[in-house]
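S.K.: can't give you the sequence, but here's the structure:
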């Protein structure tokens, strides 16, 4: 009954959005040619890619690939399962009364997507259509189930079986359930409480405004493959490229996507070039998270009023398109997260000349950051010519330094298999090692300084791990810039790697006898900006240095229909909360005490002495 209600609601909402002429029957005539291509999927460069096949559809003899919605959602379900997102069932319903409407529903979290082939629009019910199974947070950077969702079915089943047998006391049943709960689910992170959500608006994506055509034929819905790649897969950190010979599906950051260069370079047809342009505008208008901050109405306006960006508007030369796209991302947006990553296979692999042109494309803000980073790097080198140690003690002060938030193992369980901790391995191991050293018998440490002065960001999981260590509880405030949904989530981390992450005293340096400090500068960007923002919100950590470098929106990996690979500041925006209101942290976080010269960050004996004078 509940599923039926969801579908009815979806149709009613879509119905209300229809213009008066939407009930007219479609008059366009389409011919669809089906072609099947190899699909190679790689989520980890260390594993062999999985091979399958996918059918693409070409409309009226064109070369823009479409997919059948029913087939694509099956692919998506299998992909998400392979990614560890759980088994998510998508139910597609078409209306006999309104054959131009197709709804895709998720019974597990009541979310849905509706496609309207008459007005060419796509409708999303909020922010959680792509969440992991069991996750109720609307906006996430780490997808973990809520406490009450934590394997609750398995726990109830165990308790009922033991009770039915009549062989166990209530105390024995309770103890068995507790053991089961402690042994199941992720060990590295545990939600410390239920997420707090503020629902935003449902979103209508007007595909017709971008000349993107949806097709209904014989009860099936057909949609351009790139449109679904942009709207659904990019949010899952997946790059999707069609080379004309095969389809490549690669996790963001894997080198497997370079396999596209096995295809011979070629020009775009005029039809594909126009679609490539319109699809790019759709992606940027929908998902660029800093549109308000940049005062961007539409990205088409930005392109129209800048001559060097004009090749984006349908140039059939892929190199010209790539060059203009590079300028748009790195010169005009200039936000530190938006960047050109790989040229299209149609252009050919980036050569030395093209690579050099990337270096000249940085905007003023990025050039300033590069200059600042060079100053701090040289200042640190003067004190640490052989490299700064990850963990160092100067008298009673411990310094922990890392320039990126890294996670060596995608599966957190791998950390529990390590015979010993390598502090140089990644952020998780360094923090665990520092925790051990600070707590060792006879340790002189009273002050702990986290040095993020050259930290340019990295993996959100590692940032949450660090915040939890310093604050006991990692509290994250996030906003979806597309829907306006807002979420506060909180986690405990298993810093001492004993298999338990319940916020125990051995997993945190908060609340003890330690004085906690964090060094920040204009180089502290992205997650290097998130961490001091969380510290500032906690009220327990003293910030030293200079204003951090901002970077409030999580990176969104993207591809163009022509095969270019790039990133933008996506719609998941990090925030702080004050008096119940969410505030963007893109402007950076101010320190409590200013260090005006880079040298002051790395003369650690002098810095340790200065810290002792702070009251």
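M.R.: Alright, I've got the coordinates. This structure is a prediction, so every number in the text was calculated from the model and none was measured. Numbers count the residues shown, from 1 in each chain.
S.K.: Strands of the stretch 151-300 of the chain, start to end?
M.R.: Listed in chain order, the strands of the stretch 151-300 of the chain (DSSP state E, counting those that start in this stretch) span residues 189-191, 196-198, 203-205, 215-217, 220-224, 238-242, 247-251.
S.K.: Which stretch among these approaches residue 130 most closely?
M.R.: Evaluated with Cβ to Cβ, the strands of the stretch 151-300 of the chain place strand 238-242 nearest to residue 130, the distance being 10.9 Å. Glycine gets a C-beta too; all of them are placed from N, C-alpha and C.
S.K.: Where do the domain boundaries of the protein fall?
M.R.: 1-13+28-125+200-266, 147-197, 384-472+508-551+588-613 (automatic domain parsing).
S.K.: doesn't residue 319 make contact with residue 267?
M.R.: No: if you go by Cβ atoms under 8 Å, residue 267 and residue 319 don't touch, sitting 9.7 Å apart.
S.K.: Of the two, which one has the most company?
M.R.: Per other Cβ atoms under 10 Å, whichever of residue 267 and residue 319 has more neighbours is residue 319, with 17 against 14.
S.K.: Name the nearest residue to the more buried one, ignoring sequence neighbours.
M.R.: Nearest non-adjacent residue to residue 319, counting by Cβ to Cβ, 6 or more residues apart in numbering: residue 347, 4.7 Å away.
S.K.: The one you found and residue 322 touch, don't they?
M.R.: Yes: counting by Cβ under 8 Å, residue 347 sits close enough to residue 322 to count as a contact (5.2 Å).
S.K.: Okay, residue 108 and residue 415: tell me how far apart.
M.R.: Residue 108 sits 29 Å away from residue 415, going by Cβ to Cβ, to the nearest Å.
S.K.: quick one: which of these two has more around it?
M.R.: residue 415 (20 against 16).
S.K.: Quick check: the more buried one is in a strand.
M.R.: No: assignment of residue 415 by DSSP: H, G, I helix; E, B strand; the rest coil gives helix, placing it outside any strand.
S.K.: just checking, it touches residue 188?
M.R.: Yes: in this structure residue 415 lies within contact range of residue 188 using Cβ under 8 Å: 6.8 Å.
S.K.: shared neighbours of those two, which are they?
M.R.: Here residue 415 and residue 188 share the contacting residues residue 428, scored by Cβ atoms under 8 Å, 6 or more residues apart in numbering.
S.K.: Adding distance to residue 601 and mean neighbour count, write the strands of the stretch 151-300 of the chain out as TSV.
M.R.: Output for the strands of the stretch 151-300 of the chain, formatted as TSV (distance: least, Cβ to Cβ, whole Å; neighbours: other Cβ atoms under 10 Å):
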stretch	distance to residue 601	mean neighbour count
strand 189-191	31	22
strand 196-198	36	15
strand 203-205	44	19
strand 215-217	59	19
strand 220-224	50	22
strand 238-242	37	24
strand 247-251	35	24
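S.K.: Kindly reformat those strands as TSV containing mean pLDDT and distance to residue 535.
M.R.: Shown next, in TSV, are the strands of the stretch 151-300 of the chain (pLDDT from 0 to 100; distance: least, Cβ to Cβ, whole Å):
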stretch	mean pLDDT	distance to residue 535
strand 189-191	86	19
strand 196-198	88	20
strand 203-205	94	33
strand 215-217	94	52
strand 220-224	96	44
strand 238-242	96	32
strand 247-251	96	31
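S.K.: looking at those, which is closest to residue 88?
M.R.: Residue 88 lies closest to strand 238-242 among the strands of the stretch 151-300 of the chain, at 14.9 Å (Cβ to Cβ).
S.K.: Measure how far that closest one is from the centre of its chain, please.
M.R.: Offset of strand 238-242 from its chain centre (Cα atoms, centre = their mean, to the nearest Å): 16 Å.
S.K.: Which strands or helices does that strand pack on?
M.R.: Helices and strands touching strand 238-242, by 3 or more Cβ pairs under 8 Å, 6 or more residues apart in numbering; DSSP states H and E, are helix 225-228, strand 247-251, strand 553-559.
S.K.: Sheet-wise, list the partners of the last one with their directions.
M.R.: When pairing is defined by DSSP bridges, strand 553-559 lines up against strand 565-578 (antiparallel).
S.K.: Kindly report the same for the second one.
M.R.: When sheet partners are counted by DSSP bridges, strand 247-251 sits next to strand 32-42 (parallel), strand 238-242 (antiparallel).
S.K.: Go through this protein and flag its longest helix.
M.R.: Assignment by DSSP state H gives helix 364-383 as the longest helix of the chain.
S.K.: any idea which helix or strand comes after the helix or strand hosting residue 449?
M.R.: Residue 449 belongs to strand 447-451 when assigned by DSSP states H and E. Next helix or strand after strand 447-451 toward the C-terminus (DSSP H and E): helix 460-471.
S.K.: now the angle from that next one to strand 565-578?
M.R.: Orientation note: helix 460-471 sits at an angle of 30 degrees relative to strand 565-578 (axes from the mean of the first three to the mean of the last three Cα atoms, to 10 degrees).
S.K.: And helix 460-471, how far out from the chain middle?
M.R.: On Cα atoms, centre = their mean, the centre of helix 460-471 falls 16 Å from that of its chain.
S.K.: Tell me what angle that helix forms with strand 447-451.
M.R.: 160 degrees.
S.K.: List of residues touching helix 460-471?
M.R.: Here helix 460-471 makes contact (Cβ under 8 Å, 6+ apart) with 141-142, 188-189, 405-407, 412, 426-428, 431, 435, 448, 450, 474-476, 491-493, 495, 507-510, 516, 518, 527, 530-531, 534-535, 538, 540-541, 554.
S.K.: Among the residues you listed, which ones are in helices?
M.R.: If you go by DSSP H, the contacts of helix 460-471 have 427-428, 431, 435, 527, 530-531, 534-535, 538 in helices.
S.K.: Among the residues you listed, which one lies nearest to residue 246?
M.R.: residue 527 (34.6 Å).
S.K.: and that closest one, what is it in contact with?
M.R.: 405, 455, 457-460, 462-463 are the contacts of residue 527 under Cβ under 8 Å, 6+ apart.
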